[in-house]
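> structure for this input, please:
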Amino acid sequence: MKTVRWIQGYSFTDVMRTYWFIIPCLLLTSLFIGLVSAKMNYTISPQIALLTLVVFPAFILAFLHSTYLIPYNLLVWAVAPEIRRVADWIEGVYHPVSLLSLAPLISSATVIIPAIFYIHRMNRPITQVICYFAIALAYGSMIGLMKNGISTVYDLANYLIPMLLIPYCTVAAFKMKDMDQMLRNFSNISVLVAIYGLIQYMVVPPWDAFWMNHVEMISIGNPLPLQIRVFSTMNSPGPTAQFFAFSLVPMIFVRKWRGALNWLGVVLVIICLLTTLVRSAWLILIVMILSFVLTSASSMKWRLLFQLAALAAVLYIAVPHLPGAEGLVMRMQTLSDISEDHSYNERLDLFHTMLPMVLHSPLGSGIGSLGQATKLDNGGALGEFGVMDNGFIAIFFTFGIVGGILYFRALWLLAKIIIKRVREDSIWNLYTRLSLSAFAGAIASLSTDNGFPGLRGFLIWFLVGLGFGAKELIDNRKEVTSHAAAIDENKTTVN
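As a prediction, this is how the structure comes out:
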């Protein structure tokens, strides 16, 4: 019955018709996977088995319209790289390209299942935003297929699948307790990732050391205790730090979103964030904090600032006593003297180098020309533009001048919608403010790289989408109330 009540108007007949279509598809898919696995070699077959094991629960949750679908996908994004490392370690072979890397994308794609039947219910402003994004992605894909081949498909999935959270959250009509549950689960997952990260910092498990010895990423340190830049269960320090940054704002400011360990969890996440040595994540966190505090009611600002001050005092006392604290403190001190920082100067050089290239190639290089997708055409190693430390340049380099303008036009329209909703005083104001803070953090992070594809994109659209979902629920309730009032008025007139 919970499924039937998920959205008003979703009848029992619709449910049964959907399930009669879905169940045979699942059985045929399982049979196909089994037959393919049996024909493949011993290396690919375990990867397919693990991939199926990870993805299958997401399909079940999607078919049941469960509010645990997003938290489960967050968990998959968080732990799938670790599952891959353990599998490689057990096998004794490092696979630079693995099917398990597709697990977060396939799992996250299931959000379209509960949303597809109600996609027409989105209001016009959000539909317009999606259309601008769709045109930009279609153009980038067309150029990418001509220039980059199969890597375009993978990169397009990294852009598109996280973006599915916009229509999903818009039409799902979550209750307040549903959104609170999602954010608590997000906090709990972040704490678990932090606890493992601190263990990794102190011990370095053998499967993580095995991966570090083969991946040849000098920037993540040595596979020795206190000499590692923590990446926890993910595939590098960057995504780990970004995961922490986006989870910390709801954890710090709203008690009901803080998770099982309350303030202890907040402290653990911040300490683990320090061990990643990723300063760009602090930029995201600071911008999100400022946005959330500045949009608070005047009576709330002082309480939020007091919470921040108390937390800062605890960290100021605790951090110098941590193992390896000297390196952590030295790294953070470069925030105050950024002109002397090597990576910052490299970003400036990149901007001056790449800007003329973008201007001389106005059509763009297409989706698949940057980032992890370049591994597919480069023997598992990052290609020439595998790392692009400027998100604004990355978007214009990918989509060209016209496509880039369309992409930023969509972001601009999105910003206007979010700001308008924050200004509306309602019981859902917490969620719309969190939505705005996540969007502000996302835009600020473009100064370092393009975070809209992949994990960070999923985090951005998840938090932004909650603000949309809250507003849509308000609108739906207003329509129902108005309709009911009209019926009552007609009855009164007749009587």
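> would you map the helices across the stretch 201-350 of the chain?
Residue ranges of the helices in the stretch 201-350 of the chain, as given by DSSP state H, counting those that start in this stretch, are 206-215, 237-253, 262-276, 279-294, 298-318, 325-333, 342-360.
> between the ones you listed, which gets nearest to residue 452?
Of all these, helix 237-253 sits nearest to residue 452, with 11.9 Å by C-beta to C-beta. Glycine gets a C-beta too; all of them are placed from N, C-alpha and C.
> where does this structure have low pLDDT?
Within the chain, the segments meeting pLDDT under 70 span 1-43, 45, 324, 327-328, 330-356, 358, 371-388, 425-426, 469-495.
> one more time with 50, if that's ok
For the chain, the stretches flagged by pLDDT under 50 are 1-15, 17, 35-36, 39, 474, 476-495.
> mind listing residues that contact the host helix or strand of residue 140?
Using DSSP states H and E, the secondary-structure element containing residue 140 is helix 124-147. Applying C-beta atoms under 8 Å, 6 or more residues apart in numbering, the set of residues contacting helix 124-147 from outside is 122, 151-152, 155-156, 159-160, 163, 166-167, 170, 363-369, 398-400, 402-404, 406-407, 409-410, 413-414, 417, 468.
> quick one on the thing from earlier: what's the most buried one of the helices of the stretch 201-350 of the chain?
helix 237-253 (a mean of 26; mean count of other C-beta atoms under 10 Å).
> so which elements touch that one?
Other helices and strands packing on helix 237-253, by 3 or more C-beta pairs under 8 Å, 6 or more residues apart in numbering; DSSP states H and E, are helix 176-203, helix 262-276, helix 279-294, helix 298-318, helix 429-445, helix 454-494.
> and residue 447, which of the helices of the stretch 201-350 of the chain is closest to it?
Once C-beta to C-beta is applied to these, the stretch that comes out nearest is helix 279-294, at 7.3 Å.
> and the helices of the stretch 201-350 of the chain as CSV, adding distance to residue 87?
Below are the helices of the stretch 201-350 of the chain laid out as CSV (distance: least, C-beta to C-beta, whole Å):
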stretch, distance to residue 87
helix 206-215, 9
helix 237-253, 19
helix 262-276, 24
helix 279-294, 28
helix 298-318, 36
helix 325-333, 31
helix 342-360, 32
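> nearest to residue 193 among those helices would be which one?
Distances from residue 193 to each of these were compared by C-beta to C-beta, and the smallest falls on helix 237-253, at 6.4 Å.
> list the buried ones in the helix holding residue 140?
By neighbour count with 16 or more other C-beta atoms under 10 Å, helix 124-147 contains the buried residues 126, 128-130, 132-133, 135-137, 139-141, 143-145, 147.
> thinking again about what came up before, of the helices of the stretch 201-350 of the chain, which is nearest residue 66?
Nearest to residue 66 among the helices of the stretch 201-350 of the chain is helix 237-253 (20.8 Å), distances taken as C-beta to C-beta.
> just want the angle from the closest one to helix 298-318.
Orientation check (axes from the mean of the first three to the mean of the last three C-alpha atoms, to 10 degrees): helix 237-253 against helix 298-318 gives 130 degrees.
> picking up where we left off before, now, which of the buried residues of helix 124-147 sits nearest residue 220?
Within those, proximity to residue 220 (C-beta to C-beta) peaks at residue 144, which comes in at 29.1 Å.
> which ones are touching residue 212?
Counting by C-beta under 8 Å, 6+ apart, residue 212 makes contact with 220, 222, 223, 228.
> now the residues you listed in a markdown table, with neighbour count and distance to residue 249?
Converted to a markdown table, the contacts of residue 212 look like this (neighbours: other C-beta atoms under 10 Å; distance: C-beta to C-beta, whole Å):
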| residue | neighbour count | distance to residue 249 |
| --- | --- | --- |
| 220 | 20 | 26 |
| 222 | 14 | 33 |
| 223 | 17 | 32 |
| 228 | 25 | 27 |
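> distance to residue 90 added to the residues you listed, as TSV?
Output for the contacts of residue 212, formatted as TSV (distance: C-beta to C-beta, whole Å):
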residue	distance to residue 90
220	22
222	23
223	18
228	21
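> relative to residue 200, which of the residues you listed is nearest.
Of all the contacts of residue 212, the one sitting nearest residue 200 is residue 228; the distance, using C-beta to C-beta, is 6.8 Å.
> pull the contacting residues for that closest one.
With contacts taken as C-beta under 8 Å, 6+ apart, residue 228 has the following neighbours: 200, 201, 204, 212, 220, 221, 222.
> for it, list each beta-bridge partner.
Beta-bridge partners recorded for residue 228 (DSSP bridges): residue 221.
> how close does it sit to residue 276?
Between residue 228 and residue 276 the computed distance is 10 Å (C-beta to C-beta, to the nearest Å).
> closest to residue 256 out of the helices and strands packed on helix 237-253?
Residue 256 lies closest to helix 176-203 among the helices and strands packed on helix 237-253, at 5.5 Å (C-beta to C-beta).
> sorry, back to before: among the helices of the stretch 201-350 of the chain, which is nearest residue 429?
Nearest to residue 429 among those is helix 298-318 (10.2 Å), distances taken as C-beta to C-beta.
> ok, and what's touching the closest one?
The set of residues that contact helix 298-318 without belonging to it, under C-beta under 8 Å, 6+ apart, is 252, 253, 263, 266, 267, 270, 271, 289, 292, 293, 296.
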